[in-house]
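Enquirer: Need coordinates for the following:
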Amino acid sequence: MVMFIYMPETPRYLVRRGQIKRARRVVRKWIYRTSNGEVDKDVVVRKVKLLELYNSEEHPNWSTYRRFRKTLKELYLVPGHFRAWIVACGLQGIQQLCGFNSLMYFSAIIFQVIGFNKPTAVLLIVAETNMAFTILAFVLIDIVGRRRILLCTIWGMAAALVLNIAFHFLPPEATQSNSWAIIILIAMMVYVAFYVSGIDDISEEKSFLL
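Expert: Model (predicted):
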């Protein structure tokens with residue numbers, strides 16, 4: 001919250017308010033400044049000019065309703081925009097509906113039910129898998145590519161969830177040495193690994209849609 005105090009307004013917002021000098025200052029200081037501190041002034045001017053051109057095409061004299069209607073038309077009637085909207089919302093839906101939050105919140109209870117003597121210790125294994133593959137995803141995401149990672153990991157998630165059919169074969173008094181309990185643990189680890197490597201990181205930024 002303290003850092004928000006130091007965050008500037010976006011250049012687009014400033015241009016829409018007619019504050020061109022402030023917009024150039026933000027672009028120069030926060031976007032196009034290089035590691036040695038030098039800035040290409042022509043790049044800054046061109047960027048702000050593009051923002052001005054874009055906002056002039058937004059019809060600033062239009063009412064809020066007309067702008068809203070125009071936005072809806074562009075979103076639903078332009079095929080490229082509509083496909084991007086479907087993919088973005090679909091990723092968010094998959095992220096929430098695949099059950100990861102439930103798994104992490106109730107892991108200790110799940111492991112206790114399937115017979116592990118120290119469910120909290122087993123939970124730490126899953127948590128460490130989460131951390132390790134999150135770090136791995138950060139390393140690979142710009143090397144392999146977001147789309148490719150997503151397409152590979154989502155199948156791994158589905159396969160790991162199917163493996164949890166092992167719950168059906170657990171005996172009433174399962175123990176941690178039971179082979180089905182081990183299969184469930186492995187399935188959960190595989191699921192978490194694929195989840196945090198793909199859908200979790202990618203659905204947060206959606207930048208591959210661009």
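
Enquirer: Tell me which helix or strand residue 200 sits in.
Expert: With elements taken from DSSP states H and E, the one containing residue 200 is helix 199-205.

Enquirer: Would you map the helices across the protein?
Expert: With DSSP state H, the ranges of helices along the chain come out as 11-16, 20-26, 41-56, 64-77, 79-97, 100-105, 107-113, 119-144, 146-163, 179-197, 199-205.

Enquirer: counting contacts, what elements does the third one pack onto?
Expert: Using 3 or more Cβ pairs under 8 Å, 6 or more residues apart in numbering; DSSP states H and E as the contact criterion, the secondary-structure elements in contact with helix 41-56 are helix 11-16, helix 20-26. The C-beta positions use only the backbone N, C-alpha and C, and glycine is treated the same way.

Enquirer: returning to what we had before: quick one, which of the helices of the chain gets closest to residue 2.
Expert: Minimum separation from residue 2 across those (Cβ to Cβ) falls at helix 20-26, 19.8 Å.

Enquirer: list the buried ones in that closest one?
Expert: For helix 20-26, a neighbour-count test (16 or more other Cβ atoms under 10 Å) marks 22-26 as buried.

Enquirer: what do you get for stretch 145-162?
Expert: Those would be 146, 149-150, 153-154, 156-157, 160-161, for stretch 145-162 by 16+ other Cβ under 10 Å.

Enquirer: Is it correct that residue 94 is in contact with residue 154?
Expert: Yes - with contact defined as Cβ atoms under 8 Å, residue 94 counts as touching residue 154 (7.4 Å).

Enquirer: And residue 50, how close does it get to residue 15?
Expert: As judged by Cβ to Cβ, to the nearest Å, residue 50 and residue 15 stand 10 Å apart.

Enquirer: what about the two, which has more around it?
Expert: residue 15 (23 against 13; other Cβ atoms under 10 Å).

Enquirer: Same list (the buried residues of stretch 145-162) but as CSV, adding distance to residue 198.
Expert: Supplementary listing: the buried residues of stretch 145-162 in CSV, determined by distance: Cβ to Cβ, whole Å:
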residue, distance to residue 198
146, 9
149, 5
150, 5
153, 3
154, 6
156, 8
157, 7
160, 12
161, 14
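
Enquirer: With distance to residue 127 and pLDDT as new columns, can those residues be given to me in a markdown table?
Expert: Converted to a markdown table, the buried residues of stretch 145-162 look like this (distance: Cβ to Cβ, whole Å; pLDDT from 0 to 100):
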| residue | distance to residue 127 | pLDDT |
| --- | --- | --- |
| 146 | 25 | 81 |
| 149 | 22 | 85 |
| 150 | 23 | 84 |
| 153 | 19 | 87 |
| 154 | 22 | 86 |
| 156 | 19 | 88 |
| 157 | 18 | 89 |
| 160 | 16 | 88 |
| 161 | 19 | 86 |
